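Peer 1: give me a model of this one.
(chains A and B)
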Amino acid sequence: MKLEIVAQKLNLKQINEIAQVEVSSGYASDLLSDVLARAKNGALWVTNHKHTNIIGVAVMLNLAGVIIAGGVEPDAGTVEKAKEEKISLFTTDLTLYEVVGRMYELGIRGCC
Amino acid sequence: MRELSMHILDLAQNSIAAGASLIEIDVIADTVADTLAICIQDNGSGMSSEYARRVLDPFTTTRTTRRVGMGIPMFAQAARECEGDIEITTEKGLGTKIEAKFKLSHIDRAPLGDVATTLMTLIAANPDIDILYKQACDGREFVLDTREIKSQLDGVSINENAVLKWIVQYISEGLQTAAAIP
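Peer 2: Numbering: from 1, shown residues only, chains lettered A, B, ... in the order given. Predicted coordinates:
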């Protein structure tokens, strides 16, 4: 499913330009080392973090995008890096659990 | 990371990449001040002040295979999530010291983890690099100095299986009896 369709269906708040990419899978975790070890290329990652490090992780894994859940606003540096690195970044007031459930309903599965 | 010892391993590997011959690791807990300080100091090539300023940014790395380095940024984040912070002191040619402070009782503070295996892994892969590990809790202290061990080994390599086995046991027992951190 295209990232922009997912963003639309989940009513995500778009922080920067949405990349024209396919979402290949989903991942949810707040342990960055766990994400680095297990999330796959093309995954849409849901996290509660707002720190610049999330963009570092997204670039390293070539993720489809990052959703910051729980009504948390990203740090200014995070927004800047997301734009620079062309990593699609979203926020939502939904909790992480709720976002993941709705992604699953759309047919997005985990990667392993 | 799930355990602080994984950060220690990661930063020690930075020291090794920087050509260090000695790595000093201090893990100091103080239950009264409610602090946990982790300090990794090496005599490697150090960083320029300009590079050191950028090193907390994940888009700073000396790697040539990729553009992103998460080691120090993740360590800094771990400390800051626990009401702590990180301080980096370095000079080109002289070495680097990275010190992170955590609130010891903070609910998000990761456990220290398996220090014995972490140190054993470092020693096994880098027998020529010396490690001085100190762990203390409220003044009670455990120290491991590979230079001392080597001087007793009489030519036997420190990464012989039997020696490594002994080291793991020595550290595990020493930490439990002398300097367990709550």
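Peer 1: enumerate the residues of chain A near chain B.
Peer 2: Contact residues, chain A versus chain B (CB under 8 Å from any CB of the partner chain): A:31-34, A:36, A:51-53, A:55-57, A:59-60, A:81, A:85. Using the backbone N, CA and C atoms, a C-beta is placed for each residue, glycine as well.
Peer 1: give me the number of residues near residue A:57?
Peer 2: 24 (other CB atoms under 10 Å in any protein chain shown).
Peer 1: show the contacting residues for it.
Peer 2: A:32, A:35, A:36, A:39, A:45, A:63, B:58, B:70 (CB atoms under 8 Å, 6 or more residues apart in numbering or on different chains).
Peer 1: which other helices and strands contact the helix or strand of chain B with the lowest mean pLDDT?
Peer 2: The weakest-scoring helix or strand in chain B, judged by mean pLDDT, DSSP states H and E, is helix B:49-54 (a mean of 89). Under the contact criterion of 3 or more CB pairs under 8 Å, 6 or more residues apart in numbering or on different chains; DSSP states H and E, helix B:49-54 touches strand B:85-91.
Peer 1: report the buried residues of the strand it packs on.
Peer 2: B:86, B:88, B:90 (16 or more other CB atoms under 10 Å in any protein chain shown).
Peer 1: given it, what are its sheet partners and their directions?
Peer 2: Partners of strand B:85-91 in the sheet, by DSSP bridges, are strand B:95-103 (antiparallel).
Peer 1: end to end, how far does stretch B:35-55 reach?
Peer 2: Distance across stretch B:35-55, first residue to last, is 24 Å (CA to CA, to the nearest Å).
Peer 1: longest helix of chain B?
Peer 2: In chain B, with assignment by DSSP state H, the single longest helix is helix B:161-178.
Peer 1: any idea which element the most centrally placed residue in chain A lies in?
Peer 2: Of all residues in chain A, the one closest to the mean position by CA atoms, centre = their mean is residue A:66, 1.7 Å from it. Under the criterion of DSSP states H and E, residue A:66 resides in strand A:65-68.
Peer 1: contacts for the helix or strand following that strand, please.
Peer 2: Next along the chain after strand A:65-68, taking DSSP H and E as the criterion, comes helix A:76-85. Helix A:76-85 has contacts (CB under 8 Å, 6+ apart) with A:15-17, A:50-52, A:54-56, A:58-59, A:66, A:74, A:87-89, B:59.
Peer 1: would you mind listing the buried residues in helix A:76-85?
Peer 2: Quick answer for helix A:76-85 (16+ other CB under 10 Å): A:78, A:79, A:81, A:82, A:85.
Peer 1: skipping adjacent residues, who's closest to residue B:170 in space?
Peer 2: Spatial nearest neighbour of residue B:170, chain neighbours left out: residue B:144 (7.4 Å); criterion: CB to CB, 6 or more residues apart in numbering or on different chains.
Peer 1: and the residue of chain A nearest chain B?
Peer 2: Residue nearest to chain B within chain A: residue A:56 (2.8 Å; CB to the nearest CB).
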